[in-house]
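Asker: Sequence unavailable; structure follows:
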């Protein structure tokens, strides 16, 4: 089974047999992969009915609910990891949701498109247009992405909120990494992946 | 009347009856010394006996869940939309069992059957039965049918409550529980509606303290009112607006108390039709079973504690416009299952039909329910 490379990186960060909550779990690919390869148990949260059906078909436990309604149904530290891939930028209260992730889970794993990538900067800075790039393919008026941030922004938020970064990976749209990208992540990385916890 | 049975129907079916001699202890402290259960089955039981699905009925339902009793039937069974070849509970894969619950009025022992001790109708002497009692009696039915373990126990509304109770009381005897449009227990508002329905029946002069069989009458007005009230709670404001609006039967106001608005006509029709097919004492019993249902009560008030016993995996489904058992009530069930670390999938279906949505062929609902049942079928080797 071939897995989206960012999901491959994430599954490498997750302990065998862990209990995982996947926020915005899509069609359940990650949870199914984690279950099959790492005996992970857990639940996905998803709002889109097509994705919910796909999860059911895949045998993934999925809870149909709106992330913007919060995680109040989940007790403190009831999961080893709370994962959120490519969803942070689309929620109404990202900071609040990250707090919630780290309340419900002992660790959080977050991935998001880096708005500091040079292509974004060129389109906004030189062309004076809202960026439309491979990881953010929408026009400003029809985008679900309402809280874009850069790698620096995210790390500043972590610092301000007392969140410790345990691990970071930076990749391009094809989820490849390079030395240059690791040296200048905010300029060259298209996607950032973080493993975090309350400091 | 079906001109011809549709290809996706189980077709012509026949109810069966089993007599039980072993006394059944009831929650109320009394015992039912002997009783009958009427049931129907659809689809073949496989050789390994692993593909049986128990369907539990709701307040006004019975054992006739799918198919037709004769070509003269106006309507098929109550869950025709979900049971049949190619439907969510696919009878090509599953052996479906549905029984009329004790206290019912369609052939299983209940108020309208004869008490062998007295030779008269049970009437008001029939004990108040609970969801737990039903589940106990259904387990005995399973024993007699040679079904050790259900692939799934499935139900909507009060039927969903039975599915939950099964998972708690007989954890080893079901692989999956499908709980649709249910609640972990009734709210004060739910009980209030039930109480008004009961008062309508109890205060009908033809009720005769439940002995109306002896008087050759039925508490028609009371039962009709109870049903009309119930029906309002099964529909949503939107569904009623879409169906009736403020449309007038004669196109003008008549300044009297006859039927003027279409919705009045509809409710009266529903009420009258119900009186023809249902028993008032059974209605009283069913509403009590609803009011009393509270599986958490046996576990220190914690539903999660109750579910810790369960071994089944759960599918919980709710409908956005259901205000009788709203999505918030289903989420309480889901939360308790999460706290108990049970496998659960929850689908919240966008639907304007209100509580009744669980009976309807809403595409998103059918797809999610069907996908889940396919997974159940694969697990029990009935692909």
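Answerer: Now that the structure is in, tell me what you want to look at. Nothing here was measured: the structure is a model prediction, and the numbers come from that model. Numbers count the residues shown, from 1 in each chain, chains lettered A, B, ... in the order given.
Asker: Which residues of the stretch 201-350 of chain B lie near chain A?
Answerer: B:315, B:331, B:334-335, B:338-339, B:343-350 (CB under 8 Å from any CB of the partner chain). (Glycine included, C-beta is placed from N, CA and C.)
Asker: Make sure residue B:217 is actually in contact with residue B:205.
Answerer: No: using CB atoms under 8 Å, residue B:217 is not in contact with residue B:205; the gap is 9.1 Å.
Asker: on that earlier part again, state the pair within the residues of the stretch 201-350 of chain B next to chain A that is farthest apart.
Answerer: Greatest spatial distance among those (CB to CB): B:339 and B:350, at 26.8 Å.
Asker: Spit out the contact partners of residue A:180.
Answerer: Under the criterion of CB atoms under 8 Å, 6 or more residues apart in numbering or on different chains, the neighbours of residue A:180 are residue A:188.
Asker: Next secondary structure after the helix or strand of chain A with the lowest mean pLDDT?
Answerer: Least confident helix or strand, chain A: helix A:5-13 with a mean of 88, by mean pLDDT, DSSP states H and E. The helix or strand immediately downstream of helix A:5-13 is strand A:19-23, counting by DSSP states H and E.
Asker: Name every strand pairing with that following strand and say which way it goes.
Answerer: Strand A:19-23 has the following strand partners under DSSP bridges: strand A:41-46 (parallel), strand A:79-85 (parallel).
Asker: quick one: contacts of the first one?
Answerer: The contact list for strand A:41-46, computed with CB under 8 Å, 6+ apart, reads A:17-26, A:28, A:31, A:34-35, A:52, A:55, A:60-65, A:67, A:79, B:338, B:344.
Asker: Do me a favour and average the pLDDT over it.
Answerer: Averaging pLDDT along strand A:41-46 yields 96.
Asker: Find the residue at the geometric middle of chain A.
Answerer: residue A:85 (2.4 Å; CA atoms, centre = their mean).
Asker: out of residue B:339 and residue B:350, which sits in the busier spot?
Answerer: The residue with more neighbours, out of residue B:339 and residue B:350, is residue B:339; 18 against 12, by other CB atoms under 10 Å in any protein chain shown.
Asker: my read: that one touches residue B:296, true?
Answerer: No: contact criterion CB under 8 Å: residue B:339 and residue B:296 do not qualify, at 11.6 Å.
Asker: Which residues are in contact with residue 16?
Answerer: Assuming you mean chain A. Going by CB under 8 Å, 6+ apart, residue A:16 touches A:38, A:39, A:40.
Asker: switch to chain B, that's the one I care about
Answerer: B:38, B:39, B:40, B:41.
Asker: Relative to chain A, how far out is the third one?
Answerer: When CB to the nearest CB, to the nearest Å is applied, the distance between residue B:40 and chain A equals 28 Å.
Asker: So that residue: helix, strand or coil?
Answerer: Three-state call for residue B:40 (DSSP: H, G, I helix; E, B strand; the rest coil): strand.
Asker: Surely it and residue B:11 touch.
Answerer: No: at 12.0 Å, residue B:40 does not count as touching residue B:11 under the criterion of CB under 8 Å.
Asker: which residues are common contacts for those two?
Answerer: Common neighbours of residue B:40 and residue B:11 (CB under 8 Å, 6+ apart) are residue B:67.
Asker: which one of the two has more residues nearby?
Answerer: The neighbour comparison of residue B:40 against residue B:11 (other CB under 10 Å) goes to residue B:40, with 23 against 16.
Asker: Tell me the bridge partners for that one.
Answerer: residue B:98.
Asker: what residues are up against it?
Answerer: Taking CB under 8 Å, 6+ apart, one finds B:13, B:14, B:15, B:16, B:63, B:64, B:65, B:66, B:67, B:77, B:97, B:98 in contact with residue B:40.
Asker: where exactly do the strands run in chain A?
Answerer: In chain A, the segments counted as strands under DSSP state E are A:19-23, A:41-46, A:62-64, A:79-85, A:105-113, A:163-171, A:191-198.
Asker: residues from chain A in reach of chain B?
Answerer: Counting by CB under 8 Å from any CB, chain A sits next to chain B at A:43, A:49, A:52-53, A:55-57, A:59-65, A:73-75, A:78.
Asker: This completes my enquiry, with thanks.
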